[in-house]
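**Student:** attaching a predicted model along with its sequence, questions to come.
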Amino acid sequence: MRQVAFHRPSIGPEEEREVLNTLRSGWITTGPKAKRFEKEFAEYVGARNALAVAHCTGALHLSLWALGLKPGDEVITTPFTFTATAEVMGYLGVRPVFADVDPGTFNLNPARVEEVLEASDGRVRALMPVHFAGHPCDMDRLMKIARAHDLKMVEDAAHAAGASRHMDGRGMAKVGTIGDLTCFSFYATKNFTTAEGGMITTADDALAEKIAVASLHGMNKDAWKRYDKSGSWYYEIHDLGFKYNLSDVHAAIGVAQLKRAGEFMARRTEIAQRYNAAFRGIEALQPPYSESGIEHAWHLYVLRIRPDLLRIGRNQFVEMLRERGVGVSVHCIPLHTMHYYQRAYGYRTGDFPVAEDVFSRCFSLPIYASMSDDDIEYVIETVTSIARENRR
Ligand SMILES: Cc1ncc(COP(=O)(O)O)c(C=O)c1O
């Protein structure tokens, strides 16, 4: 039986060469390769500053920290995300205030954000939307809300490197050039990877400087040069810091991957289009919806079933796909239904019905650049036959 993995990174000779060069260079932790990756990522996104860090979790944490968020402050975000988005708020004693998602895009619904703000008692300091699956959020509306309420905008773009969205008065804007701070992930399954890694982009030079220093123990800028002929042994600690720097070995993978980012995204888009075309005609399946005026990064392909038209539920559907060799996952388990978020913040199952409905019916199919045409066809055939065989 054919096996199609849920994900496989595209690592080739370019990545091997870059990593080997770094390993042989005599400098393997944060240094020239990380600096080059920052510069090239900034160019890719069109951002003024890009700061490489160890992971997106660290990027999100540093961003909220750099904005000066304190215990008791609140940040509005989506419950339909991975725990990292809200977990970092807990590091700072900040409360994640969830607002329900849009049933089409699964992104933070601006109307729900407004309702949450109306009911709030003035402790909300920032919005943290997640560009879920690589579909950019409605940033015109969210930015308007943020400016009207004097809130900072920190975007979780873990899924959305390369995505863009039409913005009023600007035309197409790349994710990473819209809010105050944008956080990216280069985790192994992401659109392009450094195995583990992240990046923060910002147009604000002062925030960029603060984050650059804080990401390496609060040591003065470019302290990594202290072992270099041009560097000095002396460093100063200016502020509380963290150990969130990205090593040159990881950055080397990123430098090679970034060159192929356009090719990866084109292939993901092609796979999504083939899935959409195949599943659109099957009543029991609901392919993902894309708004107009966006360029989707297609990090995930999230398919929903219509349980009213099937004799099986989501879990059985997923099990059957696995039995027939199709790697599958579920994104995301809504955070407010998880033990920690219920215990720490008093959330209850039932609080965010749209996120819960999507979760109960969805699963994610394989979508990555190294999938062959036969893999794609096999996934389509398998999903289609399970849906047909189990039609009510
Ligand atoms: C939406 C979202 N935010 C943040 C993260 C954290 O990324 P990282 O693993 O780079 O810390 C992830 C990871 O998958 C994610 O899906």
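**Tutor:** Nice, I can see it.
**Student:** could you pull out the helices for this protein?
**Tutor:** 13-25, 32-45, 56-66, 84-91, 110-119, 139-148, 205-214, 248-259, 261-279, 314-323, 339-345, 353-361, 373-389 (DSSP state H).
**Student:** got the angle for the fifth one vs helix 139-148?
**Tutor:** The directions of helix 110-119 and helix 139-148 differ by 10 degrees, with axes from the mean of the first three to the mean of the last three C-alpha atoms, to 10 degrees as the criterion.
**Student:** phi first, then psi, for the residue lying farthest from the centre of the chain.
**Tutor:** Distance from the centre of the chain peaks at K229, with 38.5 Å (C-alpha atoms, centre = their mean). Note on K229: backbone dihedrals following degrees, to the nearest 10 are phi -60, psi -40.
**Student:** tell me the confidence at it?
**Tutor:** Looking at K229, its pLDDT stands at 72.
**Student:** one more: the one 4 residues further on?
**Tutor:** According to the per-residue confidence, W233 scores 84 in pLDDT.
**Student:** contacting residues for it?
**Tutor:** R226 (C-beta atoms under 8 Å, 6 or more residues apart in numbering). Where you see a C-beta, it was placed from the backbone N, CA and C, and this is true even at glycine.
**Student:** for it, grab phi and psi.
**Tutor:** Main-chain dihedrals, W233, degrees, to the nearest 10: phi -70, psi -20.
**Student:** how about the residues of the chain near the ligand?
**Tutor:** Contact residues (C-beta under 6 Å from any ligand atom) of the chain with the ligand: 55-57, 81-82, 84-85, 130, 156, 158-159, 185, 187, 198.
**Student:** of those residues, closest to G262?
**Tutor:** G262 lies nearest to H159 out of the residues of the chain next to the ligand, by C-beta to C-beta, at 17.3 Å.
**Student:** now the closest one: closest residue in space that isn't a chain neighbour?
**Tutor:** H299 (3.8 Å; C-beta to C-beta, 6 or more residues apart in numbering).
**Student:** can you get me a residue count around that neighbour?
**Tutor:** 28 (other C-beta atoms under 10 Å).
**Student:** any idea how far it lies from G162?
**Tutor:** 9 Å (C-beta to C-beta, to the nearest Å).
**Student:** now M1. Nearest residue, chain neighbours left out?
**Tutor:** Closest residue to M1 apart from its sequence neighbours, by C-beta to C-beta, 6+ apart: G325 at 4.8 Å.
**Student:** repeat that for T78.
**Tutor:** That would be L108: by C-beta to C-beta, 6+ apart, it lies 4.5 Å from T78.
**Student:** was I right about that neighbour contacting H135?
**Tutor:** No. Using C-beta atoms under 8 Å, L108 makes no contact with H135, being 11.4 Å away.
**Student:** rewinding a little: mind putting the residues of the chain next to the ligand into JSON lines with neighbour count and pLDDT?
**Tutor:** Formatted as JSON lines, those follow (neighbours: other C-beta atoms under 10 Å; pLDDT from 0 to 100):
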{"residue": "H55", "neighbour count": "21", "pLDDT": "98"}
{"residue": "C56", "neighbour count": "27", "pLDDT": "98"}
{"residue": "T57", "neighbour count": "23", "pLDDT": "98"}
{"residue": "T81", "neighbour count": "28", "pLDDT": "98"}
{"residue": "F82", "neighbour count": "20", "pLDDT": "98"}
{"residue": "A84", "neighbour count": "21", "pLDDT": "98"}
{"residue": "T85", "neighbour count": "26", "pLDDT": "98"}
{"residue": "V130", "neighbour count": "26", "pLDDT": "98"}
{"residue": "D156", "neighbour count": "29", "pLDDT": "99"}
{"residue": "A158", "neighbour count": "27", "pLDDT": "98"}
{"residue": "H159", "neighbour count": "27", "pLDDT": "98"}
{"residue": "S185", "neighbour count": "28", "pLDDT": "98"}
{"residue": "Y187", "neighbour count": "18", "pLDDT": "98"}
{"residue": "G198", "neighbour count": "29", "pLDDT": "98"}
